[in-house]
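S.K.: Mind folding the following:
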Amino acid sequence: MRAWLIPTLLAVTGCATYYGVQLNERYGAPDPSRYDRAAATYPADEYAKVRTVLDQRCSVCHGCNDAPCQLNLASREGVTRGSNRDPIYATRVLTAEPTRLFFDAQTNAGWRAKGFYPVLNERNPTPEADREASVLYRVLRLKQAHPLPAGAVLPKDRFDFSLDRAQQCPPIESMDEYERKYPDWGMPFGMPALSAAEHDALARWVEAGAPPWPVAPLPAAHAQRVAQWEAFLNGDSPKARLSSRYIFEHWFIAHLYFDDLPGDEYFELVRSKTPPGQPIEVIATRHPYDDPGVERPYYRLRRVISAPLAKTHMP
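M.R.: Just a heads-up that it's a prediction; the model follows:
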């Protein structure tokens, strides 16, 4: 077995490299900054369909920090960030670099430097390229082509649900091999396929370049309350600064809301390099009590834009 290991790895790597060259020739070289730039507008009713499918069929499994392949589909920022093979929870000798969405990198280029690879097409923006060079589109299409077999129990020789199973996190360069080897492993894995309407809604969104869904301006009453709390949390006296640090170290994990204001607006308390009134520049330390690395951190309320999940939502 050992004698075949290195040749097998070289063969797999060579196939992926060859397919990567083919993709580059057909659709152009990857550009990780594509989804960081402003995108075209998209019809509001189509946005609603896409968000509904992602929230109801995708983010249940792909919505938290340890989602399969670290693929977080609870927000567009998670979709464009992509996947990473490294497990979040595992037996390890050394600590791992944290990969918290909205904290540990702010651009897709930054995530690529941390070992993430795209599930959307980052090459030339054409409908064909956005389909064929997208892992997300192709695993959805694979499920449409190979729906679940009939029967109450899925066959063990075709589906692996063991807790210690090896994760299959193919980049686009390995998708041909993945489709040949695991034809039944389209997405959602081990679940019924998306309906035709759900699949078409996501397919149209991917073909359009996965434009961001619009975020309504923060209601004036909420903005005013946020300003009041940030003023309180950033007092200048030693007593105020010590109190705010204590509050932050206990509240950082929560989703905060104002129960006397209407709507479902949630916020998270973060440390920022910038004071109230300026865009937040989050200080991403491993622990909330770590040295912030600046002379004075500011405590800010950042709006939560990801879909709330029971396993991550602590109001």
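S.K.: list the buried ones in stretch 244-254?
M.R.: 244, 245, 248 (16 or more other Cβ atoms under 10 Å). Where C-beta positions appear, they are placed from N, C-alpha and C, glycine not excepted.
S.K.: So which of these is the closest to residue 127?
M.R.: Of all those, residue 127 sits closest to residue 248, with 46.2 Å by Cβ to Cβ.
S.K.: any idea how far the residue nearest to the spatial centre of the chain lies from residue 211?
M.R.: The centre of the chain sits closest to residue 78, judged by Cα atoms, centre = their mean, with a distance of 1.9 Å. For residue 78, the distance to residue 211 equals 15 Å [Cβ to Cβ, to the nearest Å].
S.K.: mind checking how far the residue nearest to the centre of the chain is from residue 28?
M.R.: Applying Cβ to Cβ to residue 78 and residue 28 gives a distance of 25 Å.
S.K.: returning to what we had before: ok, and the closest non-adjacent residue to the residue nearest to the centre of the chain?
M.R.: residue 72 (3.2 Å; Cβ to Cβ, 6 or more residues apart in numbering).
S.K.: Would you mind giving the secondary structure of the one you found?
M.R.: coil (DSSP: H, G, I helix; E, B strand; the rest coil).
S.K.: what do you get for residue 271?
M.R.: strand.
S.K.: burial of it, as a residue count?
M.R.: 23 (other Cβ atoms under 10 Å).
S.K.: which residues pair with it across the strands?
M.R.: Residues in a beta bridge with residue 271, per DSSP bridges, are residue 299.
S.K.: is it true that it touches residue 296?
M.R.: No: with contact defined as Cβ atoms under 8 Å, residue 271 and residue 296 do not form a contacting pair (10.1 Å).
S.K.: tell me which element residue 177 falls in.
M.R.: Using DSSP states H and E, residue 177 sits within helix 175-181.
S.K.: Kindly apply the preceding question to residue 279 instead.
M.R.: Using DSSP H and E, no helix or strand contains residue 279.
S.K.: okay, it: pLDDT?
M.R.: If you check residue 279, the pLDDT there is 97.
S.K.: quick one: residue 166 from residue 151, how far?
M.R.: Applying Cβ to Cβ to residue 166 and residue 151 gives a distance of 25 Å.
S.K.: From the centre of the chain, give me the residue that's furthest out.
M.R.: residue 237 (39.1 Å).
S.K.: Which is the succeeding secondary structure element to the lowest-mean-pLDDT helix or strand in the chain?
M.R.: Across the helices and strands of the chain, mean pLDDT, DSSP states H and E gives its lowest value to helix 2-27, namely a mean of 68. For helix 2-27, the following helix or strand on the C-terminal side (DSSP H and E) is helix 44-53.
S.K.: so how far is that next one off the chain centroid?
M.R.: Distance of helix 44-53 from the chain centroid (Cα atoms, centre = their mean, to the nearest Å) equals 18 Å.
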